[in-house]
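Novice: Predicted model, plus sequence, below.
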There are 2 protein chains.
Amino acid sequence: MEKPKAVLFDAYGTLFDVYSVGLLAEQLFPGHGAALATLWRDKQIEYTRLVTTSNHGEHYRPFWDLTRAGLRYACKRLALDLSQDHEERLMNQYRHLSAFPENKEVLAALKAKGVVTGILSNGDPQMLGVAVRSAGLDGLLDHVLSVDSIRKYKTHPAAYALGPKATGFDAKQIAFVSCNGWDALGATWFGFRTLWVNRYQLPFEELGTQPTRTGTSLRDVLAFF
Amino acid sequence: MEKPKAVLFDAYGTLFDVYSVGLLAEQLFPGHGAALATLWRDKQIEYTRLVTTSNHGEHYRPFWDLTRAGLRYACKRLALDLSQDHEERLMNQYRHLSAFPENKEVLAALKAKGVVTGILSNGDPQMLGVAVRSAGLDGLLDHVLSVDSIRKYKTHPAAYALGPKATGFDAKQIAFVSCNGWDALGATWFGFRTLWVNRYQLPFEELGTQPTRTGTSLRDVLAFF
């Protein structure tokens, strides 16, 4: 099979560690950091789906706003008193998530092979800009694509369609990499060749479709070449 | 404001107790019953969203199938060995969920007021038929509406649109009752008057919209009259 012409990466959970907020959460709410980080992430993703499904665009809000809404819900649910100061500190931490250590090396290896690289993310452009610069990835990415331009979150096909549109390649010529099982599933349904990076030893979604490849690190994307 | 002409109820979680499977789950997997019941439910709902968002109908599967998929995922995730026998017993239990005790009394009170009653559910027609008969609700419901006819799950507007279509009333003339916060939210966005029955003392979704009413039992629907 022809090698991919482009590789697009999911951002949150894939290049940037969404659970790295757990450390600050644990400082602010001792004994609840991990639970808060998990529920916050779950609600953030749930909210992307609710606004995408329900609205025809009407209830769309940028990822930053849904991230804040998820934090507020998670704290109420866990009966944690979220002061304005705590909220701002946690949101600021979300803006500066840790990058996974192999990011740069893998992007540099792809660039060395002449492969077009990019991000295709639920994040809004401002969040993505800060995260990419903080991680020093600027020069290694040809495209930073945000669903904000179409106001529909992944796994909506219109979100994945940003990839072919921006690169000029067909879906089948693009490899899509995500650590989120649901995202790898949606991308596979869309027609991308996919790598699911299973960082947390989870089962894959039980919906009858498998990703093209499964790995444990972003390095595994090099197996496409 | 004009009184509602019809009341439509969500089924799973609202009329029928989806966590009542936890008892059998605990017998089969001691120490893991509650965790399995919770994760099973979460995945089932997540799968309704993934197939609705991603597919234009292509990846739709009936609620029964998604319920089974959710069970399989949840067991793998919790490292529980799901034998075929255990799977069939748990699925059979799901077919015969406990009904909440106030169902009949509330439906009978609505009928006595001349209100049109119905179910508007993600469940497929066969599941709903068994559940309604098991709970003895047959004679108290004018409509049993399943999203299966349109192959899109709630909170897709096309799912809620089944209500006005079947009853002949406008959305604003219909009260919609759900114990699921996301469902009460989607129904409110759609234009129904809504009652969120908060059985588990949860926070409501943080997306800037409130249900018309909040209560703690289905009996609270009578406050619309």
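Specialist: Thanks, I have it. Residues are numbered from 1 along each chain as shown, chains lettered A, B, ... in the order given.
Novice: tell me, what residue is most central in chain A?
Specialist: residue A:12 (2.9 Å; Cα atoms, centre = their mean).
Novice: Enumerate the residues of chain A near chain B.
Specialist: Where chain A comes near chain B, counting by Cβ under 8 Å from any Cβ of the partner chain, the residues are A:43, A:46-47, A:49-56, A:58-59, A:61, A:69-70, A:72-73, A:76-77, A:155-157, A:182, A:185-186, A:189-190, A:202-203, A:205-207, A:209. Where you see a C-beta, it was placed from the backbone N, CA and C, and this is true even at glycine.
Novice: Show the residue spans covered by the strands in chain A.
Specialist: A:6-9, A:116-121, A:143-146, A:174-178, A:193-197, A:213-215 (DSSP state E).
Novice: so of those strands, which one's packed in deepest?
Specialist: strand A:174-178 (a mean of 28; mean count of other Cβ atoms under 10 Å in any protein chain shown).
Novice: just checking, what packs against that strand?
Specialist: On a contact count with 3 or more Cβ pairs under 8 Å, 6 or more residues apart in numbering or on different chains; DSSP states H and E, strand A:174-178 meets strand A:6-9, helix A:162-167, helix A:181-190, strand A:193-197.
Novice: Filter the residues of chain A next to chain B down to the ones in helices?
Specialist: A:43, A:46-47, A:49-55, A:69-70, A:72-73, A:76-77, A:157, A:182, A:185-186, A:189-190 (DSSP state H).
Novice: and these, which are buried?
Specialist: Listed as buried from these are A:43, A:46-47, A:49-55, A:69-70, A:72-73, A:77, A:157, A:182, A:185-186, A:189-190; burial here means 16 or more other Cβ atoms under 10 Å in any protein chain shown.
Novice: Show me how chain A divides into domains.
Specialist: Domain assignment for chain A by automatic domain parsing gives A:6-16+A:98-224, A:18-95.
Novice: Could you provide those in a markdown table, with additional columns for distance to residue B:31 and mean pLDDT?
Specialist: Converted to a markdown table, the domains of chain A look like this (distance: least, Cβ to Cβ, whole Å; pLDDT from 0 to 100):
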| stretch | distance to residue B:31 | mean pLDDT |
| --- | --- | --- |
| domain A:6-16+A:98-224 | 20 | 97 |
| domain A:18-95 | 19 | 94 |
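Novice: and those domains as JSON lines, adding distance to residue B:110?
Specialist: Listed next are the domains of chain A as JSON lines, based on distance: least, Cβ to Cβ, whole Å:
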{"stretch": "domain A:6-16+A:98-224", "distance to residue B:110": "38"}
{"stretch": "domain A:18-95", "distance to residue B:110": "27"}
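Novice: For residue B:99, find the nearest of the ones you listed.
Specialist: Of all those, it is domain A:18-95 that lies closest to residue B:99, at 26.8 Å by Cβ to Cβ.
Novice: and the closest one, how far apart are its ends?
Specialist: One end of domain A:18-95 sits 10 Å from the other (Cα to Cα, to the nearest Å).
Novice: show me what contacts the nearest residue to residue A:151 once chain neighbours are set aside?
Specialist: Nearest residue to residue A:151 in three dimensions, chain neighbours excluded: residue A:60, at 4.1 Å (Cβ to Cβ, 6 or more residues apart in numbering or on different chains). Shown in contact with residue A:60 (Cβ atoms under 8 Å, 6 or more residues apart in numbering or on different chains): A:51, A:52, A:151, A:152.
Novice: Thought residue A:36 was touching residue A:27, still the case?
Specialist: No - shown here, residue A:27 and residue A:36 do not form a contact pair, counting by Cβ atoms under 8 Å, at 11.2 Å.
Novice: Which one of the two is surrounded by more residues?
Specialist: Per other Cβ atoms under 10 Å in any protein chain shown, whichever of residue A:27 and residue A:36 has more neighbours is residue A:36, with 24 against 11.
Novice: Okay, the residue lying closest to that one once chain neighbours are set aside and residue A:34: tell me how far apart.
Specialist: Nearest residue to residue A:36 in three dimensions, chain neighbours excluded: residue A:25, at 4.4 Å (Cβ to Cβ, 6+ apart). Here the criterion is Cβ to Cβ, to the nearest Å. By it, residue A:25 lies 8 Å from residue A:34.
Novice: Over to residue A:24?
Specialist: 12 Å.
Novice: Between these two, tell me which one has more neighbours.
Specialist: The neighbour count for residue A:24 versus residue A:34, taken as other Cβ under 10 Å, is higher for residue A:24 (18 against 13).
Novice: Now do the same contact list for the more buried one.
Specialist: Listed by Cβ under 8 Å, 6+ apart, the contact set of residue A:24 reads A:33, A:89, A:90, A:93.
Novice: Out of those, which two sit at the greatest distance?
Specialist: A:33 and A:89 (13.0 Å).
Novice: was I right about residue A:220 contacting residue A:196?
Specialist: No - Residue A:220 sits out of contact with residue A:196 when judged by Cβ under 8 Å, with a separation of 9.4 Å.
Novice: between the two, what contacts are shared?
Specialist: residue A:213.
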